[in-house]
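# Give me a 3D structure for the following:
(one chain, ligands or ions: 1)
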Amino acid sequence: MGKDIFGIGLESSCDETAVSIVKNGKDILSNIIFSQIDLHRIYYGVVPEIASRSHLETMNLLIEKALKEAGIGFADLDYSAATNRPGLVGSLLMGLQSAKVISYTLKIPLIGINHLEAHLYAPFLEGREFFYPFIGLLISGGNTILYNVRGIGDMEIIGKTADDAVGEAFDKVAKFLDIGYPGGPAVENLSKKAVKKNVKLPRILQETEDYRFSYSGIKTAVINYVKENPDIDKAEVVFSFQERALEILSRHVFAAARERSIKNIIVAGGVACNGRLRELLMNNKEEEESVIIPSPVLCTDNAAMVAGLGYQYFMKNRHDNLDVDVKARL
Ligand code: KG4
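Purely as a prediction, here's the structure:
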């Protein structure tokens with residue numbers, strides 16, 4: 001057995017400040033997440049200036065806590081990894097600068113991580129050996145992207161949203177109906193209370209042969225429906241919205257895997273917490289592909305996925321220089 005490798009991961013691309021210590025790219029020794037949801041709730045969305053200030057206030061405390069919980073010290077770290085793209089620039093800088101200080105002081109490699117690639121690494125922190133290729137579906141508040149993942153850093157985009165991200169549509173529908181923030185869990189919970197299921201909303205891109213997604217039309221359809229039917233039970237509306245929003249994900253993901261004869265599918269990002277989506281993907285007996293969805297705590301933003309993916313880059317000697325920058329977009 002070789003020496004154990006300890007990595008620290010830092011995540012601050014949006015509204016979660018997170019720090020994690022991971023051993024050998026697979027064992028999570030600590031996974032500390034500070035969610036800023038309460039700071040942004042009254043605005044019904046993430047306010048960039050508030051987000052970066054909060055990362056600044058909490059990052060150091062979380063680093064100390066993560067090391068303590070993992071039972072190791074700074075001197076034990078072999079590499080330092082931070083999300084440096086994509087995300088809110090001011091927020092990304094807080095994590096990346098902290099990772100640079102750790103790397104510079106300890107003279108250990110620095111690794112800038114693609115947040116989207118990290119999300120798809122989450123299953124490998126739950127007992128699975130790292131493998132590829134796989135079809136990756138990344139669904140969150142900012143992204144709806146279908147990938148053919150061929151290797152580390154080798155991700156071909158095969159489909160994406162033409163307008164809103166799926167999580168964004170959940171959030172906007174919830175805001176319009178005033179049922180809570182963040183919208184995803186609010187929609188999911190309310191839809192379980194639907195007694196009647198008669199609201200008819202249009203299917204999303206039913207005839208398309210490519211892997212495009214589109215969510216602004218369905219959001220507008222919900223708004224128009226409620227304006228025309230002001231007495232309608234909100235639960236009935238969100239039930240129908242959720243069915244429509246999720247069915248296109250399931251359709252595209254299986255079709256993309258089948259067309260490429262790829263047997264494994266990984267679904268990650270905040271929307272992957274949705275129980276109805278898990279049911280649609282996991283109980284689909286007609287499909288041969290195996291679908292892997294991480295536990296909810298590893299679906300939403302966290303730093304274990306950053307430290308874990310960082311290990312793969314570390315082992316391949318793919319490091320960054322200290323002048324590596326953040327990028328709002330890929
Ligand atoms: O990956 P994530 O934590 O953060 C980023 O977007 O970066 O995802 C958050 C998104 C939000 O849009 C939220 O409403 C959605 O994931 N979400 C859900 C559920 N839980 C979170 N959407 C549908 N159903 C859920 N249960």
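# In this structure, what residue spans correspond to strands?
Assigned strands in the chain, in chain order: 6-11, 16-23, 27-35, 79-85, 110-114, 134-139, 144-151, 154-160, 264-268, 290-292 (criterion: DSSP state E).
# Which of the ones you listed sits closest to L190?
Nearest to L190 among these is strand 134-139 (19.6 Å), distances taken as Cβ to Cβ. C-beta: built from backbone N, CA, C; applies to glycine.
# Help me confirm that E236 comes into contact with K197.
Yes: if you go by Cβ atoms under 8 Å, E236 and K197 touch, sitting 6.5 Å apart.
# Comparing these two, which residue is more hemmed in?
Remark: of E236 and K197, E236 carries more neighbours, 19 against 12, as counted by other Cβ atoms under 10 Å.
# How many neighbouring residues does L29 have?
The local packing of L29 (other Cβ under 10 Å) involves 18 other residues.
# so who does V324 touch?
N84, L96, L110, G112 (Cβ atoms under 8 Å, 6 or more residues apart in numbering).
# for A256, same thing?
Contacts of A256 (Cβ under 8 Å, 6+ apart): I135, L146, N148, I158, G159, Y211, I262.
# contacting residues around whichever residue of the stretch 1-150 of the chain sits closest to the ligand?
Across the stretch 1-150 of the chain, no residue is closer to the ligand than G141, which sits at 2.9 Å (Cβ to the nearest ligand atom). Taking Cβ under 8 Å, 6+ apart as the criterion, G141 is in contact with C14, A165, G167, E168, D171, P182, G270.
# got the phi/psi numbers for the second one?
Spelled out, that is A165. phi -80, psi 160 (degrees, to the nearest 10).
# How many residues are close by the residue nearest to it when sequence neighbours are not counted?
Distances taken as Cβ to Cβ, 6 or more residues apart in numbering put T144 closest to A165, at 4.7 Å, once the chain neighbours are dropped. Neighbours of T144 under the rule other Cβ under 10 Å: 30.
# hmm, what's the outermost residue in this protein?
Largest separation from the mean C-alpha position in the chain: D231, at 35.4 Å (Cα atoms, centre = their mean).
# pLDDT on stretch 128-143, on average?
Across stretch 128-143, pLDDT averages out at 95.
# show me what contacts the residue lying closest to V46 once chain neighbours are set aside?
In space, and not counting its chain neighbours, V46 is closest to D15: 4.7 Å by Cβ to Cβ, 6+ apart. With contact taken as Cβ under 8 Å, 6+ apart, D15 is in contact with S35, Q36, I37, L39, H40, V46, A51, S91, D301.
# Show me what the first one is bridged to.
Pointing back at S35 there. Counting by DSSP bridges, S35 is bridged to E16.
# from what I can see it touches E16, true?
Yes: taking contacts as Cβ under 8 Å, S35 lies within contact range of E16: 5.4 Å.
# higher neighbour count, the two?
More crowded of S35 and E16, by other Cβ under 10 Å: E16, with 21 against 14.
# what's the more buried one in contact with, if anything?
Contacts of E16 (Cβ under 8 Å, 6+ apart): I33, F34, S35, Q36, T300, D301, N302.
# any idea how far it lies from E259?
E16 sits 35 Å away from E259, going by Cβ to Cβ, to the nearest Å.
# and what of E129?
Using Cβ to Cβ, we find E129 at a distance of 26 Å from E259.
# between those two, which one's more packed in?
More neighbours surround E259 than the other of E129 and E259, with 12 against 6 (other Cβ under 10 Å).
# ok, now how distant is that one from the ligand?
The gap separating E259 from the ligand is 27 Å, by Cβ to the nearest ligand atom, to the nearest Å.
# packing partners for the helix or strand bottoming out on mean pLDDT in the chain?
In the chain, no helix or strand scores lower on mean pLDDT, DSSP states H and E than helix 37-40, which sits at a mean of 88. Helix 37-40 sits against helix 48-70, with contacts defined as 3 or more Cβ pairs under 8 Å, 6 or more residues apart in numbering; DSSP states H and E.
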